[in-house]
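Trainee: coordinates only, sequence not included:
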């Protein structure tokens, strides 16, 4: 068991997803993640809760259009947007998730409504959108000309695959430049010692209609527990779901590992269980002592963090990379 002399709180860590950083977009993406980190940390510093801070950080990234979430969500195989998000409060273990959203501006706000205004954890499709309408959440035209152009490029790669019916995982490995896994998320520890996590995504490009991934699946892409810490994942959702990855990382922290040790162990688990398979993942976490962690098996992970000891957010396009 590690010995820690003091607690570094509040603290927030924000990510813009695991994937491959493009030279043109990488700098704006990193600066946007840092801005989301700064604004959400200011909220924490002024008495905001961990749940409030992760919600606002993720909503900011959803609105940016730079990531595969919210305004930037990828299209599925039917040229539709189906967004999803999850949020969890480590103090109470309350959680909310929403999926198959087509025109809501901020899926993470719908997830929080599910957590705070219903008796449920996971609501999808028409029911989730009706809930958003009842609480007057803003809508957004989710299918744009730029997304349609990107869809056509992705579909072209699909049609040019060497196999008659190539799986998307094989396709993504062959054409990583058109398959971005830029899920967004945040984890935080507030001044009261409570942790929270939130994650949002548009899902895997060209996914089957109706597919739901790890981001809203509590324990898979999003998890928080005051007795452990909080974790948000990005990457191949089916991998995170099979490993219940966010909960696994939190369990590592509950057993005494610091946040960085826990995320590295999580990525090592992915590499061991899915060796030779397209399984790029990224993880960020915060433990109950205020230490942060970030690791990935993808080429890049866009992320930033801030605590009371820093004058401004520290951000990077890489963290602990495990081959």
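Mentor: Alright, I've got the coordinates. Not measured: the values here are computed from a predicted model. Residues are numbered from 1 along each chain as shown.
Trainee: from here on, contacts and neighbour counts on C-alpha atoms
Mentor: Fine.
Trainee: Scan the chain for its longest helix.
Mentor: For the chain, the helix that runs over the most residues, judged by DSSP state H, is helix 23-45.
Trainee: what's whichever helix or strand comes after it in contact with?
Mentor: Downstream of helix 23-45, the first helix or strand assigned by DSSP states H and E is helix 50-64. For helix 50-64, contacts defined as CA atoms under 8 Å, 6 or more residues apart in numbering pick out 12, 14, 16, 32-33, 36-37, 39-41, 43-44, 67, 69-72, 87-89, 105-109, 112, 184-190, 194-200.
Trainee: Quick one: distance of the longest helix of the chain to the chain centre.
Mentor: Mean C-alpha position of helix 23-45 versus that of the full chain (CA atoms, centre = their mean, to the nearest Å) differs by 14 Å.
Trainee: And for stretch 97-104?
Mentor: 15 Å.
Trainee: Need the residues that contact it.
Mentor: So stretch 97-104 is contacted by 80-87, 107-108, 110-112, 114-115, 121-126, 128-129, 132, 137-142, 210, 212, 216-218 (CA under 8 Å, 6+ apart).
Trainee: List buried residues within those.
Mentor: By neighbour count, with 16 or more other CA atoms under 10 Å, the contacts of stretch 97-104 hold 80-87, 107-108, 110-112, 114-115, 121-125, 128-129, 132, 137, 142, 212, 216-218 as buried.
Trainee: From those, which land in strands?
Mentor: 83-87, 122-124 (DSSP state E).
Trainee: Quick check: buried residues in stretch 301-308?
Mentor: 301-307.
Trainee: Could you identify the most distant pair in those residues?
Mentor: Taking CA to CA, the two most distant members of the buried residues of stretch 301-308 are 301 and 307; they sit 19.8 Å apart.
Trainee: got any ranges where this structure has weak pLDDT?
Mentor: 1-8, 23-24, 142-181, 320-323 (pLDDT under 70).
Trainee: now the helices for the stretch 51-200 of the chain?
Mentor: Per DSSP state H, counting those that start in this stretch, the stretch 51-200 of the chain carries helices over the ranges 107-117, 125-134, 145-159, 168-174.
Trainee: and the residue lying closest to residue 113 once chain neighbours are set aside, bridged to which residues?
Mentor: Closest residue to residue 113 apart from its sequence neighbours, by CA to CA, 6 or more residues apart in numbering: residue 96 at 7.2 Å. Residues in a beta bridge with residue 96, per DSSP bridges, are residue 87.
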